[in-house]
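[1] Pasted the sequence and its predicted model underneath.
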Amino acid sequence: GIQVEQSPPDLILQEGANSTLRCNFSDSVNNLQWFHQNPWGQLINLFYIPSGTKQNGRLSATTVATERYSLLYISSSQTTDSGVYFCAVLSGATNKLIFGTGTLLAVQP
Amino acid sequence: SAVISQKPSRDICQRGTSLTIQCQVDSQVTMMFWYRQQPGQSLTLIATANQGSEATYESGFVIDKFPISRPNLTFSTLTVSNMSPEDSSIYLCSVAESGEYNSPLHFGNGTRLTVT
C-alpha cells in the first residue's frame, strides 16, 4: 500500500521562529490533508490541498502531486502551535485516507 | 464544518469489560469513520460506519471486537469489547465534510481509553 513519511519526526523551536514540515508519499493520491493534534488530543483539519498552495494566517501549505510531496510552513511560531502535525493522503486505489508518521513540534517561549 | 460530539472523553476500564463510545454529529452526514490512535502512534482506520448496513472493517479489525452501530445519519457508536491493556488508545470518530471520500475530514475530540 501507499507509504506516507513525514520529516522531521521531532522539532523544537523558539517562539517566533519559522519552520517547514515535509510529507512524502509513495504513490499518486486523490487528495492530501494536513492536521494538527494539540497536546489534549484534538485533531484539527488545517488544509485540504490536493495540489497548489494555500495560506491561512501564519500557516501555508504547498502540494506538488507530480513529485509526491507536500510542505507545511509555519511562520512566527507560537507556543499554541505545539503538538503533532499529520499529513494524510487519499489513496486513489482504495479510497482510504492514510495518515503519515507525524511531526512532533514543541515551541518554547 | 459539522460539530462532532464524542463521549466519553476518557475512561479507565478493567480488563475483560466493554466500553461503548458515542459520536453525535449536528448535521446529517453520509460518511462516518472510526479511527484508533495507539500511544505515540499515527491514526489507523478501524472501519467505515454505514447507515442502515454493517460497517466496513479494515484489515486487522473484526466486528466481534469492535461492533459498530449507525442507526441514522447523525449518530454512531463504537464498542471496544473484551478489553485488554493493548486496547489502550485514543478512539476518534470522523466525518467527511461533503459526504465524499474526496473531501476534508473532521474529527470529534476523541475518547482516551486506558485499560488496566
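    Yes, it's here.
[2] Can you list phi and psi of the closest residue to B:Gln28 other than its chain neighbours for me?
    The spatial neighbour of B:Gln28 that comes closest, neighbours along the chain excluded (CB to CB, 6 or more residues apart in numbering or on different chains), is B:Leu73 at 3.9 Å. (C-beta placed from N, C-alpha, C; glycine too.) For B:Leu73, the backbone dihedrals (degrees, to the nearest 10) come out as phi -80, psi 0.
[3] and stretch B:69-78, which residues are buried?
    Buried positions in stretch B:69-78, judged by neighbour count with 16 or more other CB atoms under 10 Å in any protein chain shown: B:70, B:74-78.
[4] Put the alpha carbons of it into PDB.
    These are the backbone C-alpha positions of stretch B:69-78, laid out as PDB (Å, rounded to 0.1, in the frame of the first residue of the first chain):
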ATOM      1  CA  SER B  69     -23.800   0.800  15.000                       C
ATOM      2  CA  ARG B  70     -25.100   3.500  12.700                       C
ATOM      3  CA  PRO B  71     -28.800   3.900  13.300                       C
ATOM      4  CA  ASN B  72     -29.200   7.200  11.400                       C
ATOM      5  CA  LEU B  73     -27.200   9.800   9.600                       C
ATOM      6  CA  THR B  74     -26.200  11.800  12.700                       C
ATOM      7  CA  PHE B  75     -25.200   9.100  15.200                       C
ATOM      8  CA  SER B  76     -22.800   6.200  15.600                       C
ATOM      9  CA  THR B  77     -21.400   4.000  18.300                       C
ATOM     10  CA  LEU B  78     -18.200   2.000  18.600                       C
END
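[5] For chain A, what lies in contact range of chain B?
    Neighbours of chain B within chain A, by CB under 8 Å from any CB of the partner chain: A:30-31, A:33, A:35, A:41-45, A:48, A:86, A:88, A:90, A:95-97, A:99-102.
[6] now do 7 Å
    Chain A comes close to chain B at residues A:30-31, A:33, A:41-43, A:45, A:48, A:86, A:90, A:95-97, A:99-102, as judged by CB under 7 Å from any CB of the partner chain.
[7] tally of neighbours for A:Ala106?
    By the measure other CB atoms under 10 Å in any protein chain shown, the count of residues near A:Ala106 is 14.
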